[in-house]
Structures are given as structure tokens and as C-alpha cells.
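[1] just to be clear, the model below is a prediction. Sequence and coordinates:
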Amino acid sequence: MIIKTPYVHSKLQSDIFKITKNIVNSLFLIGSYKFKPNRSFVSDIDYNSFVDYDDLFKAKLTTLIDNFKKSNNFIFIHISSGSYKGFPMPWKITDTGCEFNYDETISWYEDLKNKNIIDPETKEFIDNRLIKDSLTIRDIIEIDAELEKYFDIKWTETDIINGYKIDKYQSDIRYELIDTLKNNVTILKILYKVELKGYYGINIDYIPIDISLLEDGKPPIERKQKCNALYTEDWYKVFKSLKWKIKPEYKENYLIALLKIDYQNCLLNRLKMFKRILNYNLIPTNVRLIANKIYKEIQNPLSGITGGEKNLSLSALITLLNKKISTNIKDDAIYFQNKLKNQEDNILKNMYFDRAFVFGNIPVSIQTMRERTNKGIRCPFFEIDDIEYNFLYKISIDFLFNPIKFINCFIQNANENNLLIKDIVKIEEKPKFLLQFSDENTIELYKRNYDGNRIEFTKIKDFNKTHLKSIQQYLVISLFKNNK
């Protein structure tokens, strides 16, 4: 396991700036490595860079790859950018909902199997999550994540020299290099070779490095969130997603919590790196050396992989360690999640949390999903689509209700009348009324006035809190379409 030291850090910075000189306009560290203190374990390293996607950039990339090949310190893997159009998913997952049709998905999956695109391991993974009597949205999100390796475009040295790539699944589709890099999140993936003097001679190891290639002078392309960690209950992903959302006063405790899984997380990245080395035959002469190092690291009590099954496959080890990390960070994830939910400026995030944890992990039978789809519900894992859910959640906060009880009340009303929420409620993009306590005994009723992006609040009246239920009832009635 590689340890962050002043020597390792300064040599890395010197080597990478030297090799990218005249290729990128600027290069700077991001991610967890940047904030790790010395003597911490190093799992991977992330950089952001700014580049000019002009007529010369293809030649610059070719020069950079030549620099990697001539270097004793770096190994080029590929550039990840774009997705194959010939491998479309029949669903869409968002933060608070989805677009999913079970029968269309089964038909798509049968067609996918007939094309012999996916390997037996992936097929078994999908079968275990899709071919059963009931599903959760988590099943589809996990399938989506598993299939990333098939639909993400990986630009090899040959592709970059050619300046284009042909779609793997539809030969009549062609992707132009510069256009693809400019219009997608683009990551340059490399390995960095670390040589350290040890008791028995030179110790050789490798660190995976990701460099984001951002177009200079333009805002970064937003990375699309393909799966919501809150639905999957991958507690490490939940924990990581909170890093930049919680208030600064919690950051120190957050970093302390992260140290609890530091070794396991680094080992997990080492296993993933080794799998990539094997898949791409990156360092054939040193494969056994790296394998022996990682095997010894697995035996370390800090890894959490002790006893139990032996001779597990590399994929099985990665799955097992993922689960252990998730379990070990769960309490901290929930602790910081609650901190975030208590931040007054994060009502929308509370909405996402409740959607995932209250509604998102209840198995739904295939029959029920079909019935919901036939009624017009786009995301049949839920009784209510995200547009209606988001509106009612925000309204519940405005009207001083418990959000979950409030939403369930509307769901019950719609079900009793065999209708959808949108059939009975006026879904407004810009809610009008707002209640709030001015003190323990006084409630203020406000009206929102919209002027473009500006919102002004006009106070309508003050009420004694004894009238709260009556005011709430009046406001709720005003939401219904049949209200006159």
C-alpha cells in the first residue's frame, strides 16, 4: 500500500507537470488525496485540467500519449468520454423518480442476450435483479451501474490517432474525437509508477490517476448522476455524496470518520486497479509482483477480509469489500445525513432523502407495476410520480405539515377514486402560499409574487396558532382541481 509522504507527493507533482507541459493550460489536484495528511494511504489521485479543444488538440493528445510511452513513470490506459448510442437503456433514473416500463425492459434484455454482448457474469448479475416476482428501484439502478462498462466509450491510442471511433453495436454510427470530448465529461486515465527504496531494494507500485479534461473558458459539463446512492443504500456512496453539502463546522468530524475506512477504501481501489491491469494487460512483467502485494494487504486485519471463504475471485473480493465498507460507514453516513437534513437551506435534499428511504426500498410486484404503468405512472416503483411528489413535498413544508403523512393522504385519496394525483391536484410550478410561525403563538400567512427569477413575499394576515388547522384545511382545499 502506498503511503502519502512529502517525497511521494513532490515527485508526483514534478513528474505529472513535466509530462503534461504544453499539452494542458493548467493542472490542479482535486478530490480526497488533496486533503489527506502525510502518512495516509493513497488509493487514487484526481486532477482537473483546462485544455483548448482546437484544431491542434488531437496532435497534442498524440504527443501526450507518446510522452507516456517514453516515460518510466506513466502508463496510458484510455480516455473515457461519451456513451454508445447503439446501447441505449430502456429506462431513465433521476434523483426522485424514473421512467421505467417492465415489459419493455424484459424485451430489451432478451434482445441484448441474443446479441451476445454481455458476459456470463453480467448476465447472472442482471438475472438476479430483474427476473423475479417483485422489484425495487434499487435493482434497476444496480443493473444500470453494472452495464456502464459496456456503454461508456473508451478512446484508445489508435482511436485518438484516427480521430474517430465507430460504435461497437451499430457500425453506421461514428463518433468524432474532438466533438465527443468537448460535449461530454472527459477523463484521461493513467497509472503512475512509484519507486521507493526499501530494505530489500527498490519497491515498485502503481497509483491510478484520473485527469478531467475541461474546456478552457467554459463552465465544466455537469457529470450526470446515473444512480442515486440513497436508493441503493450503498452507505459509502451516501457518505461521499454529503461531503460538499454539509456545513463547514462538520467537515473536520467528517474527515475523521473517513479515516475509519481509509485502509479498506484504498485496498478496494487497489483491487479495481489490478482488475484493470489484467483486463488491459498494462504491466505484464510486474503482474505477479502486484498480485503478491495486494494478497498480503488483504491479510492485514485493517482490510476486514479475514476468515470465511478462501480463493475468492477478484470480482468476488471487490464485491465483498464494497459491502464491508458500506457496513462500516453506515452509522457515520446516517449521522451526517441527519446533520444535512437539519440545515434550513436544504429542504430539497430532505425531499430526496425521504423519497429514497421511505418509498424507494419497498418491493413492488410485477403485477402492481404493470397496473401503475397502465394508469400512466411513469415510475411504477412508486404510487406517485416525481413531479407530483416534489410539488406536494414542497407544499407540505409551506403549509407546516409532516411531508410523508401529507403525501400519503393524497395518495390514499387518489387510490380511493382510482385516479392519479395529477387528476385531482393542481400541480403548480410556482406555489403561492406560505405559512410560518413568527413566535410560539402567532402564525403568518404569506403570498408569493413572482417577477421573473425574483420572488417577493406579501404578508396577508397574522393568526393565532389555535386557527392553524382551519388555515391548513383552507389551503389544502385550494389545491384540488374541483375546488371552485
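    All right, it came through fine.

[2] quick one, strands of the stretch 351-484 of the chain?
    Using DSSP state E, counting those that start in this stretch, the strands found in the stretch 351-484 of the chain span residues 364-365, 433-437, 442-451, 454-464.

[3] swap that for the stretch 51-200 of the chain, sorry
    Counting by DSSP E, counting those that start in this stretch, the strands of the stretch 51-200 of the chain are 74-83, 92-93, 98-99, 134-135, 152-155, 164-166, 174-176, 187-198.

[4] what packs against the longest one?
    Applying 3 or more Cβ pairs under 8 Å, 6 or more residues apart in numbering; DSSP states H and E, one finds that strand 187-198 makes contact with helix 6-20, strand 74-83, strand 201-215. (C-beta placed from N, C-alpha, C; glycine too.)

[5] by mean pLDDT, show me the worst of those.
    In terms of average pLDDT, strand 201-215 trails the rest of the helices and strands packed on strand 187-198, at a mean of 92.

[6] hey, least reliable of the strands of the stretch 51-200 of the chain by pLDDT?
    Looking across the strands of the stretch 51-200 of the chain, the weakest by mean pLDDT turns out to be strand 92-93, at a mean of 88.

[7] helices and strands of the protein: which one bottoms out on pLDDT?
    Lowest on mean pLDDT, DSSP states H and E among the helices and strands of the chain sits helix 347-354, with a mean of 71.

[8] need the strands of the stretch 351-484 of the chain in a markdown table (columns: mean pLDDT and distance to residue 285).
    Listed next are those as a markdown table, based on pLDDT from 0 to 100; distance: least, Cβ to Cβ, whole Å:
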| stretch | mean pLDDT | distance to residue 285 |
| --- | --- | --- |
| strand 364-365 | 96 | 52 |
| strand 433-437 | 93 | 68 |
| strand 442-451 | 93 | 66 |
| strand 454-464 | 92 | 64 |
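
[9] which of these sits closest to residue 252?
    strand 433-437 (33.0 Å; Cβ to Cβ).

[10] which of the helices and strands packed on strand 187-198 sits closest to residue 402?
    strand 74-83 (40.6 Å).

[11] adjacent strands (with direction) for that closest one?
    strand 152-155 (antiparallel), strand 187-198 (antiparallel) (DSSP bridges).

[12] list the buried residues for stretch 395-410?
    Residues of stretch 395-410 classed as buried: 395-401, 403, 406-408, 410 (neighbour count, 16 or more other Cβ atoms under 10 Å).

[13] and residue 415, how many neighbours?
    Counted with other Cβ atoms under 10 Å, the neighbours of residue 415 add up to 12.

[14] excluding its backbone neighbours, what's nearest it?
    Of all residues not flanking residue 415 in the chain, residue 383 sits nearest, at 7.3 Å (Cβ to Cβ, 6 or more residues apart in numbering).

[15] got the confidence number for that neighbour?
    Residue 383 is given a pLDDT of 92.

[16] for it, grab the count of nearby residues.
    Residue 383: 24 neighbours (other Cβ under 10 Å).

[17] any figure for the gap between it and residue 410?
    Residue 383 is 10 Å from residue 410, where distance means Cβ to Cβ, to the nearest Å.

[18] swap in residue 184?
    Taken as Cβ to Cβ, the span from residue 184 to residue 410 is 39 Å.

[19] go on, residue 74?
    Distance from residue 74 to residue 410, by Cβ to Cβ: 58 Å.

[20] ok, residue 46 next?
    Taken as Cβ to Cβ, the span from residue 46 to residue 410 is 44 Å.

[21] and for residue 382?
    Distance from residue 382 to residue 410, by Cβ to Cβ: 13 Å.

[22] and residue 107, by the same measure?
    From residue 107 to residue 410 the distance is 33 Å (Cβ to Cβ).

[23] and stretch 101-114, what's its mean pLDDT?
    95.

[24] which positions within the longest helix along the chain qualify as buried?
    Taking DSSP state H as the criterion, the chain has its longest helix at helix 314-341. Of all the residues in helix 314-341, those buried under the rule 16+ other Cβ under 10 Å are 317-318, 320-322, 324-326, 328-330, 332-333, 336-337, 339-340.
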